[in-house]
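Trainee: would you be able to build a 3D model of this:
(2 chains)
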Protein chains: 2
Amino acid sequence: MRVLILGADGYLGWPTAMHFSARGDDVMVVDNFVKRRIELEDGIEPLQPIPTLHRRRVLWQEVEGRTLQLRVGDLTNHRFVYETLSMFKPDTIVHYAEQPSAPYSMQGRERAVFTQQNNVIGHLNLLFGMRKYTPKAHLVKLGTMGEYGTPNIDIEEGYITIKHKGREDTLPFPKTPGSFYHLSKVHDSHNLLFACRLWGLRATDLNQGVVYGIETDQTALHPDLRTSFHYDHVFGTVLNRFCAQAVAGVPLTVYGKGGQTRGFLNIRDTIQCVDIAARNPAAPGECRVFNQFTETFSINDLAALTQKAAAKIGLKVEVAHIDNPRLEAEDHYYNPKHSKLTELGLRSHLLSDVLVEEMLHAIQRASHQIRKEIIEPTVSWTGQATP
Amino acid sequence: MRVLILGADGYLGWPTAMHFSARGDDVMVVDNFVKRRIELEDGIEPLQPIPTLHRRRVLWQEVEGRTLQLRVGDLTNHRFVYETLSMFKPDTIVHYAEQPSAPYSMQGRERAVFTQQNNVIGHLNLLFGMRKYTPKAHLVKLGTMGEYGTPNIDIEEGYITIKHKGREDTLPFPKTPGSFYHLSKVHDSHNLLFACRLWGLRATDLNQGVVYGIETDQTALHPDLRTSFHYDHVFGTVLNRFCAQAVAGVPLTVYGKGGQTRGFLNIRDTIQCVDIAARNPAAPGECRVFNQFTETFSINDLAALTQKAAAKIGLKVEVAHIDNPRLEAEDHYYNPKHSKLTELGLRSHLLSDVLVEEMLHAIQRASHQIRKEIIEPTVSWTGQATP
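Mentor: Below you'll find the predicted structure:
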């Protein structure tokens, strides 16, 4: 299988690229390094320095004996997209190449606009390119569970059958996202469904939960094959952040009451889910939606789990509830379905004390590099001045 | 009331501006003339030449003795938006300033991307500008009934109460739009709802049906105060096009079977609805949605109505079913609600033979200017090459 990984320099993109390559697929990796530019702009950095994508590609060849093709460019440049598709002719396109941070998107007009323009237009260019050069390719598109918000009804996988005044239809699940970033993914989902209906493209929209974890089978092969682990307030996901706080000896910062409940999954399961989607492609014209997570937790649950695991390895950890910088319900119903990937064979790595302990140990090995000043949120959803 | 009309050079914007001005409101008109540029690019033109907005503003002062303030600029330039809002300080903002044509948006990548970028980013800039300079202003935003598509259940006004597995929530009505243009309005609606929740902005999203008609109380005051009447395949709405075809002596072109049913309204009722929305503003934080149309018709209904009215004034008219260039159901359930504007006092001008006759007479007075070659559709939803 020829697999194109868009956004391959990132937390999930890089391990995904190595995974497919290790399985013997022909892999091309693409990035424009916009996330690294944002890191520079905001003075944030991952726990450990990440070698360039060029360097990691060479190292992968040395370690594994397999070649990754590499192209550097921006999806908002449609000529780059068209050239890449016409040259590489992928069977599967894994599209991670979007600005991935909700807090970033809430830092005023310029960043909100950048997020929506970058994500929506890059994705549109990709859809037009697929139509023209690879109409039979399968697009595996990263969405987010955050598209759904927290409705007071069960969240289905992408579509819901609505009975209303004696009639019935199955329609896209209504979306109430909570940031300009999440909105960009909602826009993408609408554009994607239309492109599949219109042109017969095949797509899987992965509405992914919050990912945690630091290691996959391939990142473990060599220290410089590691993936970027963020614990900061812009790119750090909550459990990763809690583990870094525990190791750093600062309180776990719970936003608001901490009753916010979300779907979570291990980074190993992200790789597994993308693999499953890729090897069981959608039918032509089908825009399939999978809710990609394995368990739900409240933020308080995760804080308690982190505390408990930390205690086992001798770390005393406090929990601090701080003003919630986000606009979100802190006490709500949450029952999203997630059976489609399981039906296709997903075998979950569930979160347990053991796994949190492993993460804590991994972070401890780099604990001297934790920068406490980039953890606390500086972006308020409603209080931010508009630049 | 200080009323800012964005997109004031257009079919609806210009009569809306005159209407508010005639009622004694302080009106500022804004346009970037992008629609006129598209007309030039595609060699299409309205039935009669339309004086510049500058000229019509002078004429309006001569005829009515009232001043319209005028600013020329583009909403995708946020500095222009910010300056306009901070200078004029509107109470009400009527936002027509988006690329309004579905066929235009389906003419390949460049135009699809232009449509979404122009509409979504311009609107985002406006929302950020409102937050900063006029947080108490009321935004009257033009959406479209086309956002809903044609679901097999009754279409509610913006939101639907869904009972699902023993629970219940009221959520945004699921959207299945049928073009990149309609998608841009769906994106706008999601962004707008979020901005109202986030910043307490007040907005009315008018999901408007298909507008027909050529005259309002103010356009009738002077020939050069007319509004741009389009009958072409890019900007011409269906009944306007049928009337032009009837006068031109060419068959009425029905796309496909003609069972497509839509909501329609008279241009006079557009003005009335916008006026009602403006004088009954949404509450702070409220994103209110009105379905803005007065009657539903199938395309076949409208063809028959046009034929009948034409016969009365001695015109023999044929109907030709041509291949449907669009992706749409041609035989479907359609029952959209539209009671909220009526409850606020809308008194509809319903379509009747008499009104169609009036339109035919108006078009006859300019019949020598009808250009038959711009009527037939050249844009196919699925067959278009991607430039």
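
Trainee: so the residue in the stretch 201-350 of chain A that chain B sits nearest to, which state does it fall into?
Mentor: For the stretch 201-350 of chain A, the nearest residue to chain B under the criterion Cβ to the nearest Cβ is A:L327, separated by 5.7 Å. C-beta: built from backbone N, CA, C; applies to glycine. The three-state assignment at A:L327 reads coil, by DSSP: H, G, I helix; E, B strand; the rest coil.

Trainee: likewise the one 5 residues further on?
Mentor: When states are read from three-state DSSP, the local structure at A:H332 comes out as coil.

Trainee: now swap in A:T170 and tell me
Mentor: Under three-state DSSP, A:T170 comes out as strand.

Trainee: give me the number of residues near it?
Mentor: 14 (other Cβ atoms under 10 Å in any protein chain shown).

Trainee: pLDDT weak spots in the stretch 251-387 of chain A?
Mentor: A:384-387 (pLDDT under 70).

Trainee: tell me who's in contact with the closest residue to the residue of the stretch 201-350 of chain A closest to chain B other than its chain neighbours.
Mentor: Leaving aside its sequence neighbours, A:L327 sits nearest to A:W381 (Cβ to Cβ, 6 or more residues apart in numbering or on different chains; 4.5 Å). Going by Cβ atoms under 8 Å, 6 or more residues apart in numbering or on different chains, A:W381 touches A:106, A:179, A:325-327, B:198.

Trainee: who wins for most neighbours among the residues you listed?
Mentor: Most surrounded of those: other Cβ under 10 Å gives A:S179, at 25 neighbours.

Trainee: backbone dihedrals for it, please?
Mentor: The phi and psi torsions at A:S179 (degrees, to the nearest 10) take the values phi -160, psi 170.

Trainee: contact partners for it?
Mentor: A:S179 neighbours (Cβ under 8 Å, 6+ apart): A:102-103, A:105-106, A:146, A:326, A:381.

Trainee: got the residues you listed as CSV, with distance to A:G314 and secondary structure columns?
Mentor: Output for the contacts of A:S179, formatted as CSV (distance: Cβ to Cβ, whole Å; DSSP: H, G, I helix; E, B strand; the rest coil):
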residue, distance to A:G314, secondary structure
A:A102, 34, helix
A:P103, 32, helix
A:S105, 39, helix
A:M106, 37, coil
A:G146, 35, helix
A:R326, 33, coil
A:W381, 37, coil
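
Trainee: wait, which of these is closest to chain B?
Mentor: Using Cβ to the nearest Cβ, the contacts of A:S179 come closest to chain B at A:W381, 6.4 Å.

Trainee: now for the contacts of A:W381, which pair is the farthest apart?
Mentor: Using Cβ to Cβ, those span at most 12.3 Å, a distance reached by A:P325 and B:L198.

Trainee: name the residues of the stretch 151-300 of chain A found near chain B, please.
Mentor: A:151-154, A:160, A:162-165, A:167-169, A:171-178, A:180, A:183, A:186-187, A:190-191, A:193-194, A:197-199 (Cβ under 8 Å from any Cβ of the partner chain).

Trainee: looking at those, which are in helices?
Mentor: Among those, the members found in helices (DSSP state H) are A:180, A:183, A:186-187, A:190-191, A:193-194, A:197-199.

Trainee: can you give me the strands for chain A?
Mentor: A:2-6, A:26-31, A:68-72, A:92-95, A:138-144, A:159-164, A:167-172, A:202-208, A:210-212, A:252-255, A:261-266, A:287-292, A:295-298, A:319-322 (DSSP state E).

Trainee: buried sites along the third one?
Mentor: Right, strand A:68-72. The neighbour-count check on strand A:68-72 (16 or more other Cβ atoms under 10 Å in any protein chain shown) flags A:68, A:70-71 as buried.

Trainee: partners of that strand, with directions?
Mentor: strand A:26-31 (parallel) (DSSP bridges).

Trainee: what of the shortest one?
Mentor: When pairing is defined by DSSP bridges, strand A:210-212 lines up against strand A:261-266 (parallel).

Trainee: coming back round to it: buried among the residues of the stretch 151-300 of chain A next to chain B? Need that as a selection in ChimeraX.
Mentor: Typed into ChimeraX, the line below selects the buried ones among these, using 16+ other Cβ under 10 Å:
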select /A:151,152,153,154,160,162,164,169,171,172,173,174,175,176,177,178,180,183,186,187,190,191,193,194,197,198,199
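
Trainee: start to end distance for stretch A:293-306?
Mentor: 19 Å (Cα to Cα, to the nearest Å).

Trainee: which residues touch it?
Mentor: Here stretch A:293-306 has contacts from A:145, A:208-210, A:238-239, A:242-243, A:246, A:252, A:254-255, A:257-266, A:269, A:317, A:319, A:334, A:336, A:338, A:346, A:348-351, A:353, A:356, using Cβ under 8 Å, 6+ apart.
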